[in-house]
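Chemist: Return a 3D structure for these sequence lines:
(one chain, ligands or ions: 1)
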Amino acid sequence: METDYRKMWEDLGINMEKHDQLLAVLPFVYRNVYLSQKNRPKAMEYYDFVVSGVHGIRVKELLDAKDAGKKVVAYFCLYVPEELVIASNAVLVGLCGGSNFTDQEAEEVLPRNICPLIKASYGFKAARICPYFQAADICVGETTCDGKKKMYELLSELCPTYTVEVPQKPDTEQARELFYREMMALKSKLEEITGHKITVQDLKKSIGIVNAKRAVLDQLISTRKAVPPPISGKDSLLVFQIAFYDDPQRFTQKTKELVEELQERIKNKVGVVDESAPRIMVSGCPMAIPNWKLHHIVESSGAVIVVEESCVGTRYTSMGQIDNSANTVEDLIRAISDAYLNIHCSCFTPNIGRVEDVVRLAKEFKVDGVIHYSLQTCHGYNIEAAKMEKSLKKINVPMLKIETDYSNEDVGQITTRVEAFLEMIRK
Ligand code: BJ8
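Modeler: Predicted coordinates:
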């Protein structure tokens, strides 16, 4: 029997009428985008289950953790280290912001023409339709792009918000020092909220937990090098989207099971498309749940996405395996802060590492083309597209540049452009 979470949502102050509307649409979209796929790995059932109870099961777990004395920390960006939050005995939950469902509420305060991700991040709180946001004791933001950092100022009027400063020139000693100090300040803030003093043992353990999660996600990424790939781009994207808010240890276990199944499929030459399907890389802005628009268009057009250079793809694991052999809190936090500066986000300047990543991934995954994906008004990624195209040209990989938002208005136009791009690749 299905559990009724209505009382839980009411207690969290959810706008029930609007929330009902949201939950009424999601199953239909999910059926159409996900459950209609053929030959999916059996282990995807876990992720289907997570989505089917997206505002129920996990939220209940968070509330149970709160009843047991834990705090819930919400975040939006990879530069907030999961390791530090787990070490502070809090639960970390990634907030999504992948839908335009709350634009109306967001636009009462924010300008209309800003990045849809920023609008949604704020809008879900303003409209009170996200139980994760309602359950959070604090939201940790970061100074990445201008829009986000200014939005956090407004968000702080709706919920407790703490903003981490991310340096913009990561290859300098000053940047390294600044980020280390920011991480030490975040540690103090987390200790203040949770009342738990972070120890060496806490950090060693939390680094181990997150290393294991990254290791299995790296294995998942690698399986997609196979021709044909054993999993669709859409399914892989979903796994990464869920990585942001699921319990990390359970997620690692379930993803291990998925990877084992995928390795078996590769051995038996079982793929989700035939070998001749064009292999596409998507590079650019993150796609927060339930933003599946581009992946659905590309994979409905007969191609397969084999890698995402994105925060819901290779960038998620780009900190690598963090060394937890040090024996002081300061040295362990230094290891964390150094590793997190390896995330090649477009807020950095210069950001050559991202271009190099895309060129390397294009070769490793034998891609036939790259789709550069920018959300509207995301200047960082939009401007970096020019360098990307130039570098890909040198290795004869064509690139299509897509700039879009969360609406469905441009689906027809994007489909036409994607189909023309694939046609050109096939020729
Ligand atoms: S590490 S990509 S999650 S900042 S799309 S809000 S950049 S205007 S999301 Fe990001 Fe962290 Fe970087 Fe990743 Fe601004 Fe661009 Fe919008 Fe963006």
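Chemist: near the ligand, which residues of the stretch 301-427 of the chain show up?
Modeler: Proximity of the stretch 301-427 of the chain to the ligand, by CB under 6 Å from any ligand atom, involves residues Cys311, Ile343, Cys345, Cys347, Leu375, Cys378, Gly380, Tyr381. Placement of C-beta: from N, CA and C, glycine included.
Chemist: switch the cut-off to 5 Å
Modeler: Contacts of the stretch 301-427 of the chain with the ligand, taken as CB under 5 Å from any ligand atom, map to Cys311, Cys345, Leu375, Cys378.
Chemist: Could you identify the most distant pair in the residues you listed?
Modeler: Cys345 and Leu375 (13.5 Å; CB to CB).
Chemist: How far away from the center of its chain is the strand or helix carrying Glu10?
Modeler: Using DSSP states H and E, the element containing Glu10 is helix 6-11. Mean C-alpha position of helix 6-11 versus that of the full chain (CA atoms, centre = their mean, to the nearest Å) differs by 27 Å.
Chemist: For that helix, which residues meet the burial criterion?
Modeler: Buried residues in helix 6-11, counted by 16 or more other CB atoms under 10 Å: Met8, Trp9.
Chemist: What mean pLDDT does it get?
Modeler: Helix 6-11 shows a mean pLDDT of 97.
Chemist: Can I get that helix in PDB, CA atoms only?
Modeler: Output of helix 6-11 as PDB, limited to C-alpha atoms (Å, rounded to 0.1, in the frame of the first residue of the first chain):
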ATOM      1  CA  ARG A   6       0.200  14.600   3.000                       C
ATOM      2  CA  LYS A   7       0.400  15.200   6.700                       C
ATOM      3  CA  MET A   8       4.200  15.300   6.500                       C
ATOM      4  CA  TRP A   9       4.000  17.900   3.700                       C
ATOM      5  CA  GLU A  10       1.500  20.000   5.500                       C
ATOM      6  CA  ASP A  11       3.600  20.000   8.600                       C
END
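Chemist: quick thing: my sequence starts at 375, can you match it?
Modeler: In the new count, where the first residue is 375, that last one comes out as helix 380-385.
Chemist: What is that helix packed up against?
Modeler: helix 390-404, helix 431-441 (3 or more CB pairs under 8 Å, 6 or more residues apart in numbering; DSSP states H and E).
Chemist: how about the first one: buried residues?
Modeler: This points to helix 390-404. Lys392, His393, Leu396, Leu400, Tyr404.
Chemist: C-alpha coordinates for whatever helix or strand comes next after that helix, CSV please?
Modeler: Using DSSP H and E, the helix or strand that follows helix 390-404 towards the C-terminus is helix 418-426. Taking Å, rounded to 0.1, in the frame of the first residue of the first chain, the C-alpha atoms of helix 418-426 are listed here in CSV:
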residue,chain,number,x,y,z
MET,A,418,17.4,1.0,-13.1
GLU,A,419,14.4,-0.1,-11.1
TYR,A,420,16.0,1.3,-8.0
TYR,A,421,16.2,4.8,-9.5
ASP,A,422,12.7,4.5,-10.9
PHE,A,423,11.6,3.7,-7.4
VAL,A,424,13.4,6.8,-6.0
VAL,A,425,11.8,9.1,-8.5
SER,A,426,8.3,7.5,-7.9
